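Visitor: Got a predicted model here, sequence first, then my questions.
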Amino acid sequence: MGFLGELQQKFTDDFIVKDRYMELVIGLRNTVTITAFALIIGISIGLVLAMFKIIAREKKDLKILDVIADIYITVIRGTPVVLQLMIWFYVVLAFAKDPIPVAILGFGINSGAYVAEIFRSGIQSIDKGQMEAGRSLGLSYWTTMRYIILPQAFKNVLPALGNEFIALLKETSVAGYIAVHDLTRGAYNIRNMTYDSFLPLIASATIYLVMVMIISSLLSALERRLRQSDRS
């Protein structure tokens, strides 16, 4: 049996026999689910923390908000995401039977610390005259922030948010530490069944690569659309 014959046999053993390819399918589904919901949580937390810092900068009597945001960001960014996941699963939410919601929460909280800095820099990049113009028109602070400042800030931070989305997708590969059947764990399960590491790991890496390329293409298309809308 030549090289191609051996490769074909390994492919059959790894993915076809006993529908072992489903290990990757299930892992892919869980990876996408965790990434999508964690991103939503991360954006929500990040926006709130960014607003804490912006408000505290303008209103000195609310300095406590800046302290809260700084503590959160420092702790989350200063500790490994794997340890955070394990603390959530084995300590804080030890009663949880399904690790997927715990993974969503853990990755979302972790992402929120990074998204906060992205939003803060984006909001601060908007000229202060925009806020003054909105207030001079009789708009409240929050109305001006919602309809004038935040839409412009979102356009500015879109590339950085895209990079965070991609980073979050790849970070979910450590979810197996809390028994989540993610894409990486699916490849590892096939390896344990067949004692072949090459094809399962290459297949998993290829799927990650394809997803990142698709996300990057969609983000580039969205950025072009936004630039065109600015010119029109």
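Guide: Thanks, I have the structure now.
Visitor: before we move on, what SS does Leu139 have?
Guide: Reduced to three states with DSSP: H, G, I helix; E, B strand; the rest coil, the structure at Leu139 is coil.
Visitor: For it, what are phi and psi?
Guide: Backbone torsions of Leu139, given as degrees, to the nearest 10, read phi -80, psi 150.
Visitor: count of residues packed around it?
Guide: 16 (other Cβ atoms under 10 Å). Where C-beta positions appear, they are placed from N, C-alpha and C, glycine not excepted.
Visitor: Return the residues in contact with it.
Guide: Leu139 makes contact with Tyr147, Ile148 under the criterion Cβ atoms under 8 Å, 6 or more residues apart in numbering.
Visitor: And the pLDDT for it?
Guide: At Leu139 the predicted local confidence, pLDDT, stands at 79.
Visitor: got it, and Lys97?
Guide: For Lys97, the pLDDT comes out at 88.
Visitor: does it count as helix, strand or coil?
Guide: At Lys97, secondary structure determined by three-state DSSP is coil.
Visitor: so what's the backbone phi/psi at it?
Guide: Geometry field for Lys97 lists phi and psi as phi -90, psi -30, criterion degrees, to the nearest 10.
Visitor: Equivalent analysis for Phe95, please.
Guide: Per-residue torsions, Phe95: phi -80, psi -10 (degrees, to the nearest 10).
Visitor: ok, now how distant is it from Thr33?
Guide: Computed with Cβ to Cβ, to the nearest Å, the distance linking Phe95 and Thr33 is 21 Å.
Visitor: ok, those two, which is more surrounded?
Guide: Higher neighbour count among Phe95 and Thr33: Thr33, with 16 against 5, using other Cβ under 10 Å.
Visitor: what's near enough to touch that one?
Guide: For Thr33, the residues meeting the contact criterion (Cβ under 8 Å, 6+ apart) are Ile100, Ile104.
Visitor: All the helices of this protein, residue numbers only.
Guide: Applying DSSP state H to the chain gives helices spanning 3-11, 22-58, 63-77, 81-87, 99-124, 128-136, 141-144, 150-171, 183-194, 198-231.
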